[in-house]
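Undergrad: Got a sequence here, can you build the structure:
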Amino acid sequence: QVQLTESGGASVQAGGSLRLSCLASGLAVARYSVAWFRRAPGNEREFVAAYFRTGHNKYYSDPVKGRFTISRDGTKNTVTLEMNGLKPEDTAVYYCAADNSLILSTLRSPNAYDYWGQGTQVTVSS
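TA: Numbers count the residues shown, from 1 in each chain. Have a look, this model is predicted:
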């Protein structure tokens, strides 16, 4: 049974930093495409960052490029998202997702992922 469990969400002031973690069970993060998405109130789920299942390239959305860093640890079976220079517009519920069959062109599409965590709230105040 696959389970993804996010943690690390909190309320911070603009300019601050947070580190989100996603602990996976029932799958190996090193062999899956793994991603972070977020959903702000009233908005659709939005791609944030990802690894494709092969290779070590990291993919980011333009709004977070240069501020956020995705990493994965095959030993601990975790995926983390380091978030620096947080802005109020980063406020959202952040979700971890995984899939082992999506193609690279669909990496940024939430519909391509089979497995999801329950989400963790990040609130950035100005």
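Undergrad: Can you report how many residues lie near the nearest residue to residue 13 once chain neighbours are set aside?
TA: Using CB to CB, 6 or more residues apart in numbering and skipping residues adjacent in sequence, the residue nearest residue 13 is residue 125, 5.5 Å away. Placement of C-beta: from N, CA and C, glycine included. Burial of residue 125 is recorded as 11 neighbouring residues (other CB atoms under 10 Å).
Undergrad: same deal with residue 57?
TA: For residue 57, using other CB under 10 Å, the count is 10.
Undergrad: any idea how far it lies from residue 51?
TA: Taking CB to CB, to the nearest Å as the measure, residue 57 falls 7 Å from residue 51.
Undergrad: pLDDT below threshold where in the chain?
TA: Of all residues in the chain, none has pLDDT under 70.
Undergrad: Stretch 17-36: how far from the chain's middle?
TA: Distance, stretch centre to chain centre, for stretch 17-36: 8 Å (CA atoms, centre = their mean, to the nearest Å).
Undergrad: mind listing what's buried in that stretch?
TA: Buried residues in stretch 17-36, counted by 16 or more other CB atoms under 10 Å: 18, 20-24, 27, 29, 32-36.
Undergrad: Dump those residues into JSON lines; add secondary structure as well.
TA: Formatted as JSON lines, the buried residues of stretch 17-36 follow (DSSP: H, G, I helix; E, B strand; the rest coil):
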{"residue": "18", "secondary structure": "strand"}
{"residue": "20", "secondary structure": "strand"}
{"residue": "21", "secondary structure": "strand"}
{"residue": "22", "secondary structure": "strand"}
{"residue": "23", "secondary structure": "strand"}
{"residue": "24", "secondary structure": "strand"}
{"residue": "27", "secondary structure": "coil"}
{"residue": "29", "secondary structure": "helix"}
{"residue": "32", "secondary structure": "coil"}
{"residue": "33", "secondary structure": "strand"}
{"residue": "34", "secondary structure": "strand"}
{"residue": "35", "secondary structure": "strand"}
{"residue": "36", "secondary structure": "strand"}
